[in-house]
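[1] the following comprises the amino acid sequence and a computationally predicted model.
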Amino acid sequence: MILAPFFSRLLRFFPRVVIGCLITIVGISLMPTAAGWFGGGENADDFGATKYLILVTVTVLVTVIGYVMFTGLLASLSVLIGMVVGTVVALCMGLTDFSGVADADWIGISAPLHFGSSQFSLSPVLVMTLALIVIMAETTGNSLAIGRMIKAPITQRRLSDTFRGEGFAAVVSGFFNGFPLNAFSQNTGLIAMTKVRSRFVVTVAGVIMVLMGLVPKLGAVIAAIPPSVLGGSAIIMFGVTSAAGIQELARVKFEGTNNALIVAVSLSVGVLPMASPELFGHFSGTARLVLDSGIFLCAICAVVLNLILNRKNTDND
């Protein structure tokens, strides 16, 4: 929260070519997650079995047909409709189980500081600080992507407020025994797909998430959704996010500039940790943390290359 105003000043280093690269890599970076769900969950013994591919196909077809055929509210709900139909098909195929709903408690409240009072040690604090700085770079990409989608300028003030909110959420999560939270890239894809841009809707969704945390039965219902159904929805949403980045890059001036080289190198470097997860396996600690983030690598490459190659250009757009 303290670093938020300073980090937001870096916004001037994000011209359109950098923003386009970041938005594109955000969508691409989520594809490994979608692939894991696609095959039935990475822990599935029969990962990639035909039955899981059938579920994915049904979910994708229903979502796409709903998005194309419907208008207004129903078009916005196409992702949800696809997930509901996919879950029903999974239930008929015996690939999901709602028995956990009956076993779950109605009310569940986490006791603050369940693992004991806070203890501070310099080493883990520095590691987590670096991790959150990496997350701030990813949040910058998500914020810029959403700003382009809703046609609202992302100013230093807005970006600073975003960082503060994210930092406060991380503090509250830790107090209630959770992990540090960050802006979820999947939600960027959801906004791109549904075109729902209302802050009221986001607020209501947040309240629902809180209720799910307090009412385990609701959480159990969501947990019963098969990974393959999630994968079918995910590949669409994540793909739409990348498409938004490509649309942004389409507005970039390439002729007579070095922007094509910036895009080529930045995206290629950003994809490396996803294409070969063990590529930086010989590194450890904080170095591995940074190198494993494709979004962070893409951002650094794009910003540095833009400063070097476009230093004589006052307009990179």
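    That came through, no problem.
[2] what strand or helix carries residue 192?
    helix 185-194 (DSSP states H and E).
[3] for residue 84, that is, sorry about that
    Assigned by DSSP H and E, residue 84 falls within helix 78-92.
[4] again with residue 51
    helix 50-69.
[5] what's the very next helix or strand once past that helix in contact with?
    Next along the chain after helix 50-69, taking DSSP H and E as the criterion, comes helix 72-76. By Cβ atoms under 8 Å, 6 or more residues apart in numbering, the list of residues contacting helix 72-76 from outside reads 66-67, 81, 194-196. Using the backbone N, CA and C atoms, a C-beta is placed for each residue, glycine as well.
[6] just the buried ones from those, in ChimeraX syntax?
    In ChimeraX syntax, the buried subset of these is picked out as below (16 or more other Cβ atoms under 10 Å):
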select :66,67,81,194
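[7] would you convert the contacts of helix 72-76 into JSON lines that also reports pLDDT and distance to residue 11?
    Output for the contacts of helix 72-76, formatted as JSON lines (pLDDT from 0 to 100; distance: Cβ to Cβ, whole Å):
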{"residue": "66", "pLDDT": "89", "distance to residue 11": "37"}
{"residue": "67", "pLDDT": "86", "distance to residue 11": "33"}
{"residue": "81", "pLDDT": "91", "distance to residue 11": "38"}
{"residue": "194", "pLDDT": "74", "distance to residue 11": "27"}
{"residue": "195", "pLDDT": "76", "distance to residue 11": "25"}
{"residue": "196", "pLDDT": "79", "distance to residue 11": "25"}
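[8] export the contacts of helix 72-76 to JSON lines and tack on distance to residue 224?
    Listed next are the contacts of helix 72-76 as JSON lines, based on distance: Cβ to Cβ, whole Å:
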{"residue": "66", "distance to residue 224": "22"}
{"residue": "67", "distance to residue 224": "25"}
{"residue": "81", "distance to residue 224": "18"}
{"residue": "194", "distance to residue 224": "23"}
{"residue": "195", "distance to residue 224": "28"}
{"residue": "196", "distance to residue 224": "25"}
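[9] out of the contacts of helix 72-76, who's nearest residue 283?
    Set against residue 283, the nearest of these by Cβ to Cβ is residue 194 (38.6 Å).
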